[in-house]
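Visitor: A structural model of the following input is requested.
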Amino acid sequence: MSDPQPAWHEWLSSLDVPRKAAAESPRAQFSALGVTDPVDLIKSEVVEELPQLARFVLLRSLWRGAIDGWSDPGSLDQLPAAQRLLAAGADKEDLVRLVRAVAHEAVFVTLDELDAGGDVNVSGVEAGWVVMESGEDGSPTGRVLSGLHEDLLAMGIPAVARELTFGGEVGPSDWLT
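Guide: Predicted structure coming up:
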């Protein structure tokens with residue numbers, strides 16, 4: 001397989017054998033997931049030991065299921081309120097945008113709470129949580145997935161993310177374009 005990315009090969013050749021293997025595995029997996037240029041993610045995974053593949057898979061799954069799933073034909077059929085609005089003359093595309101925006105906000109707020117590691121509005125409670133990568137056998141690797149809410153927008157098409165969060169106006173998601 002010919003690779004047009006000399007920087008990838010140069011970086012790979014600078015690694016010892018175990019790290020080369022550690023870099024090749026996620027590269028194949030990112031490629032299978034449709035990521036066309038995963039070099040920075042892989043470098044972060046290997047050098048910084050951050051669970052970028054697990055992070056990507058989780059965020060992609062949430063984006064596809066909880067947010068983009070509302071674009072699927074018939075998705076509004078399960079919502080009686082949506083059916084009433086459509087019957088009253090609401091534009092179906094506007095309704096899909098609304099439902100996707102609400103889903104996006106719900107996912108974002110959930111990820112933000114998970115990232116917080118505990119309820120910041122409660123004192124005196126010694127309970128918290130952490131989202132952690134697991135190995136093939138399901139056991140925790142010890143590598144924490146943090147900052148998930150910050151990367152949620154990167155999972156969608158920039159124009160879609162901008163539309164969902166800023167009504168098409170210029171906003172923080174512009175760095176994605």
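Visitor: how close does Leu59 get to Gly118?
Guide: Leu59 sits 22 Å away from Gly118, going by Cβ to Cβ, to the nearest Å. Any C-beta I mention is one placed from the backbone N, CA and C, and that applies to glycine too.
Visitor: need the helix or strand of this protein with the lowest average pLDDT.
Guide: helix 158-166 (a mean of 52; mean pLDDT, DSSP states H and E).
Visitor: circling back: out of Leu59 and Gly118, which sits in the more crowded spot?
Guide: Set Leu59 next to Gly118 and count neighbours by other Cβ atoms under 10 Å: Leu59 wins out with 21 against 13.
Visitor: output the contacting helices and strands for the lengthiest helix in the chain.
Guide: In terms of residue count, the longest helix belonging to the chain (DSSP state H) is helix 92-116. Judged by 3 or more Cβ pairs under 8 Å, 6 or more residues apart in numbering; DSSP states H and E, helix 92-116 is in contact with helix 80-87, helix 148-151, helix 158-166.
Visitor: contact partners of the helix or strand encompassing Arg60?
Guide: Element membership for Arg60, per DSSP states H and E: helix 52-62. Applying Cβ atoms under 8 Å, 6 or more residues apart in numbering, the external contacts of helix 52-62 come out as 26, 29-30, 33, 35, 41-42, 44-45, 107, 111, 131, 133-134, 143, 145, 148, 151-152, 154-155.
Visitor: swap the cut-off to 6 Å and go again
Guide: 26, 29, 41, 44-45, 107, 133, 145, 151, 155 (Cβ atoms under 6 Å, 6 or more residues apart in numbering).
Visitor: name the nearest residue to Gly147, sequence neighbours excluded.
Guide: Leaving out its chain neighbours, the residue that sits closest to Gly147 by Cβ to Cβ, 6 or more residues apart in numbering is Asp115, at 6.1 Å.
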